[in-house]
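>>> Here is the input, now give the coordinates:
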Amino acid sequence: MTRRSLNRKKAPLSRLLIDITHQNKDFLAATHHGLMETPSLQQIYPYINLTDLIGFAALSWKLREKKDTGFLHKAKFRALYELFQYISQVNLSDNFKGLPKSTFYQWIKTPLKRGYRGIHDKEKQRLYAILNPNSRKDLKLRLDLIEEETSVQLRGELLNPSKEYITQGQKEWLQSKQQYDPTKQTSMMFIPRFMKRRDSQKWCEEYAEEIVRIISSFPEKLASYQPDLFPFRKNI
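Just a heads-up that it's a prediction; the model follows:
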């Protein structure tokens, strides 16, 4: 089964995303924003895990929003692997309110919130295994297979200023005041017009469903790996 065929099962995958991110609205929002602003990630996705994609999209967008000089320097001058390594060492609590003092990969290994009614455990585990088939031990080897043109394109996207994401209602209000700037702001058409800010669960669901819609357009098949080059690849 390919990753794209799983992506078409939108409800299970969107619930898996919510589980992976501990139903955190801000992290899901950053994931969405990052995917929107770095479209070249779709060419990199076949070489990485779903968790790598989520972590990189969210944290790279957050670091761009904060104008993190260390990250921007690496985006300009360093190889892809160094960018992914930098992301893997970022402290979540420095970038997201309410998240623990840990890295993304430490965070997603902690137990999921009790009582969340997502997909059944066996189905969740199967989805997770298929969408995350690779060991992080050979991440550099996999990233080295990516064409230089794609690497250059991604680094260029990362050097662009981040945008502000607003609802359609906010956009119309700003337009009425002649304060809307399409070069700096973009409206999220998938968010219901009058959805309440305090309805965190609904926001998570809307973001997760939109993330799945974006990922469903990514390349269908996993990249072909040579077993002798990638001894740590997980068996599914």
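>>> What distance do you get for the residue positioned nearest the centre of the chain to Ile44?
In the chain, the residue lying closest to the centroid (CA atoms, centre = their mean) is Ile54, at 2.6 Å. Ile54 is 13 Å from Ile44, where distance means CB to CB, to the nearest Å. C-betas here are computed from N, CA, C, even on glycine.
>>> now Lys67
Using CB to CB, Lys67 is found at 23 Å from Ile44.
>>> the more surrounded of those two?
Using other CB atoms under 10 Å, the more surrounded residue of Lys67 and Ile44 is Ile44, with 25 against 10.
>>> Now do the contacts for the more buried one.
53, 80, 143, 146, 150, 154 (CB atoms under 8 Å, 6 or more residues apart in numbering).
>>> give me every residue that touches the last one.
Yep, that's Leu154 we're talking about. Here Leu154 is in contact with 38, 40-41, 44, 80 (CB under 8 Å, 6+ apart).
>>> before we move on, what about the third one?
If a contact means CB under 8 Å, 6+ apart, then Leu143 has 44, 47-48, 79-81, 84 as its contacts.
>>> Pick the one among the residues you listed closest to Ser176.
Distance to Ser176 across the contacts of Leu143 (CB to CB) is lowest for Ile44, with 40.1 Å.
>>> Which one of the contacts of Leu154 is nearest to Gln168?
Nearest to Gln168, judged by CB to CB, of the contacts of Leu154 is Thr38 at 23.4 Å.
>>> Low-confidence stretches in this structure?
Within the chain, the stretches with pLDDT under 70 are 1-10, 110-121, 193-196, 220-236.
>>> Which residue ranges of the protein form strands?
Along the chain, counting by DSSP state E, strands occupy 164-167, 185-188.
>>> Can you name every helix or strand that the first one contacts?
Same thing as strand 164-167. For strand 164-167, the packing partners by 3 or more CB pairs under 8 Å, 6 or more residues apart in numbering; DSSP states H and E come out as helix 25-37, strand 185-188.
>>> Can you tell me what sits against it?
Residues from elsewhere that reach strand 164-167, judged by CB under 8 Å, 6+ apart: 29, 32-33, 174, 184-188, 191, 193, 195.
>>> buried set for that strand?
Neighbour counts using 16 or more other CB atoms under 10 Å place 165-167 of strand 164-167 among the buried residues.
>>> out of those, who's nearest Gln89?
Using CB to CB, those come closest to Gln89 at Tyr165, 26.2 Å.
>>> which residues does the closest one form a beta bridge with?
Here Tyr165 sits in beta bridges with Thr186, going by DSSP bridges.
>>> follow-up on the earlier one: nearest to Leu92, out of the strands of the chain?
With respect to Leu92, and counting by CB to CB, the nearest of the strands of the chain is strand 164-167 at 20.0 Å.
>>> Perfect, I'm done here.
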